[in-house]
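*Asks:* fold the following and give me the result.
(one chain, ligands or ions: 2)
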Amino acid sequence: MNKELLKEQAYINGEWISATNTFDVDNPFDNGVIASVTDCTAEHADNAIEAASEAFKSWSKTTAKQRSSLLLAWHQLIIDNTDELAELLTIEQGKPLSEAKNEILYGASYIKWFAEEALRINGDLLPSPDGEKQIQIHKLPVGVVGIITPWNFPQAMIARKVAPALAAGCTVVIKPASETPLSALAMAELADRAGIPAGVINIVPSTSSSDIGKALTSNPKVRKISFTGSTAVGKKLIEQSAENVQKVTMELGGNAPFIVFDDADIEAATEGLMASKFRNSGQTCVCANRVFVHETLYDEFIKVLGKKVSALTLGNGLSASVQITALINQKGIDKVLRLIKQATDSGVEVLVGGSLSKEYQNIIEPTVLSKVSKDMEISCEEIFGPVVALIPFSQDDEVIAAANDTSAGLASYAYTENRHRINRLIHELEYGMVGINTGKLSNEMAPFGGVKESGMGREGSKYGISDYLDIKYACID
Ligand SMILES: NC(=O)C1=CN([C@@H]2O[C@H](COP(=O)(O)OP(=O)(O)OC[C@H]3O[C@@H](n4cnc5c(N)ncnc54)[C@H](OP(=O)(O)O)[C@@H]3O)[C@@H](O)[C@H]2O)C=CC1
Ligand SMILES: O=C(O)[C@H](O)CS(=O)(=O)O
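*Replies:* Ligands and ions are numbered 1, 2, ... in the order given. Have a look, this model is predicted:
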C-alpha cells in the first residue's frame, strides 16, 4: 500500500504534531495493527481551537471565489488519490474496496458541491414597513466549528461537514472516530497540499472522546458542534453545547422501515432492499432496519430475497468482488449476535445465515429472519449489521402506524405504484427522508437528515450551508 497518505500524527495549525501517548488502529478483518496514532488530550483540542480561532480572522475575510477555488483544488487532489484513499479506508474500516471508492467519490461530491455553493451565499435588501429605512440582510460564517464523526463513513462524514463549513468561511476542529482516524488525517494532508491555510482545518485523533467533546463544547470560541453518531452521544453533546449556546447539527441513529405493499414489483423491491440493507455490511444509519412485507406477497418475496442474500460473497474487503466484510469491532459483533439470539429465542425463523461466519472470525453471515414481531428488540434497536428482519402486515393503516412507532426518524422506504398511497406515505411517515421505489437516498444535492431522535439540521443540498451561517440584519435610516 502507498504509505504517502498514511499519517499518524495530529494536524494542528498546519503542523503534524506528536504526543506522549499513541493508540493503535487495527484492521477489523483480522485485528492486525495498521498504525499507531497520536492520542490527543483536551490540551491538544484547546490548542487546535486557538489555531482555528486565529485562522478564522483571515479565512472569514477571503472572497467566496478564493474559498471556492481552494475547495476545488482539494476536491481534485482527492479524486486524483481515490485508489490510495480507498485502500486506507478499507484497511481501517473494513468495507469492500468498491464501496470505499464509492465513499471517497461521495465525500468528494460534497466538496465540489459546496465549492459551488460558496459562490451563492447571498444576502437580501428588503423593503421597510415605513418605506424610509433600508433593511439589509447579511449572511456571515458562524465561526469555529467542532466536528465529531463516526467510524462507518470515515471520509464522507468529514467531507459532508467540512465542505459547507469552509465554503461559509468557518474554520474547523475535527475529532474522528478512534477506530478510523487515518482517512481524516489523509484528507488533512491533501487539504494542506491544496493550499488550504494553516489553522483552517485541525484534526485531533483521540481515545478520550468525552474529554475532547467537553473541550469543544465548553469553549466559547467554538460557535457550532456538528456530530454524526449514536443518539445517546448526540444527546450528551446537545446538553453540553447549551453551556455556550452553540449551534448544533446532529445526524443520529436511525430505525428505517422498508415497506413492500401488495402492488410492489418484487424484483425491484428485493433489489432496493439489498442495496439499502447490505451496504457497509449493514452499518449505516439509513439501512432498512424493519422490513414490512404485505401478506399476499410474503412467500414469493422471501423466496426471491433468500436467493439473493445467499449469493452474497464474504471475505476481506481488499479482495475484489467481496460484498460482506467484518463488522467494525467486537462490540458491534456482539450487539448483532445478541439481537439475532433474542429473536430466535422468541420463535423467529432463520431463513438464511443467523450466525458468525465459520470461515472469518469477524464476519456475521448475511441473515434473513422471518415472522419477526414489531415489538422485538431487533425491531426497536438499530441493528447495524447484515440482518433482514421481515414483518408481515395486511393493512395500510396498520403498517404506517407500526413504521412510525419508534423514537427514530431518519430514513424510510416504500415500494408501491399506487399514487394516492405514495402521497399519503410522503405526508404520514414521520421521517426526514422518504424513498419511494428506491433503497438509495443519499447524494450531495439532497438534504440529508432526520426528525425526532434522529437529530436536527440538514447536510448537503442548497439547505446544507445555512447551518454554518448566521443572519445579520442592518436597519439604515
Ligand atoms: N447516525 C450514524 O451515522 C451513526 C450511528 N451510529 C450508531 O451509534 C452506535 C454506536 O456506534 P459508535 O461508533 O460507538 O457511535 P458513537 O456515537 O459512540 O461514536 C461516534 C463518535 O462520537 C465519539 N464519542 C463517543 N462518546 C463521546 C462523548 N461522550 N463525547 C464526545 N464524543 C464522543 C466517538 O469517539 P470514539 O472514537 O471514542 O468512539 C466517535 O468519534 C452504532 O451502533 C449506531 O447505532 C454509529 C455511527 C454512525
Ligand atoms: O452515517 C451514515 O450512515 C451515512 O450518513 C449514511 S450515507 O449518507 O452514506 O447514506
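*Asks:* would you mind naming what in the protein lies close to ligand 1?
*Replies:* Residues of the chain lying near ligand 1 by Cβ under 6 Å from any ligand atom: 148-152, 175, 177-178, 207, 209-210, 213, 228-230, 233, 236, 251-253, 285, 382, 384. C-betas here are computed from N, CA, C, even on glycine.
*Asks:* how about the nearest residue to D405, chain neighbours excluded?
*Replies:* K374 (6.7 Å; Cβ to Cβ, 6 or more residues apart in numbering).
*Asks:* quick one on the thing from earlier: please, a PyMOL command that selects the buried ones among the residues of the chain next to ligand 1?
*Replies:* With 16 or more other Cβ atoms under 10 Å as the criterion, this PyMOL line picks the buried residues out of the residues of the chain next to ligand 1:
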select buried, resi 148+149+150+151+152+175+177+178+207+213+228+229+233+236+251+252+253+285+382+384
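*Asks:* so which of the residues of the chain next to ligand 1 are in helices?
*Replies:* Members of the residues of the chain next to ligand 1 lying in helices (criterion: DSSP state H): 209-210, 213, 233, 236.
*Asks:* just those now: which is nearest P366?
*Replies:* V233 (28.3 Å; Cβ to Cβ).
*Asks:* picking that back up, test my guess that the residue nearest to D405 contacts V291.
*Replies:* No. If you go by Cβ atoms under 8 Å, K374 and V291 don't touch, sitting 11.2 Å apart.
*Asks:* still on that earlier bit, mind putting the ones in helices among the residues of the chain next to ligand 1 in TSV, distance to T20 and pLDDT included?
*Replies:* Shown next, in TSV, are these (distance: Cβ to Cβ, whole Å; pLDDT from 0 to 100):
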residue	distance to T20	pLDDT
S209	18	98
S210	19	98
G213	21	98
V233	26	98
K236	27	98
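*Asks:* can I get these in JSON lines including distance to A403?
*Replies:* Formatted as JSON lines, these follow (distance: Cβ to Cβ, whole Å):
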{"residue": "S209", "distance to A403": "33"}
{"residue": "S210", "distance to A403": "34"}
{"residue": "G213", "distance to A403": "33"}
{"residue": "V233", "distance to A403": "25"}
{"residue": "K236", "distance to A403": "28"}
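*Asks:* most widely separated two among the residues you listed?
*Replies:* S209 and K236, at 10.3 Å, using Cβ to Cβ across those.
*Asks:* in the stretch 301-450 of the chain, what residue spans correspond to strands?
*Replies:* 349-352, 367-370, 387-393, 411-415, 433-436 (DSSP state E, counting those that start in this stretch).
*Asks:* who has more neighbours out of K374 and V291?
*Replies:* Shown here are K374 and V291; by other Cβ atoms under 10 Å, V291 has more neighbours (26 against 19).
*Asks:* what about the more buried one, which SS state?
*Replies:* strand (DSSP: H, G, I helix; E, B strand; the rest coil).
*Asks:* isn't it right up against F258?
*Replies:* Yes. Using Cβ under 8 Å, V291 is in contact with F258, at 4.7 Å.
*Asks:* are there residues contacting both of these two? Which ones?
*Replies:* By Cβ atoms under 8 Å, 6 or more residues apart in numbering, V291 and F258 have these common neighbours: 273, 277.
*Asks:* K7: neighbour count?
*Replies:* For K7, using other Cβ under 10 Å, the count is 24.
*Asks:* tell me the SS of it?
*Replies:* coil.
*Asks:* switch to numbering from 11
*Replies:* Sure, I'll start counting at 11 from here, so that last one is K17.
*Asks:* out of everything not next to it in sequence, what's closest to it?
*Replies:* K17 sits nearest to L195 (Cβ to Cβ, 6+ apart), 3.9 Å away.
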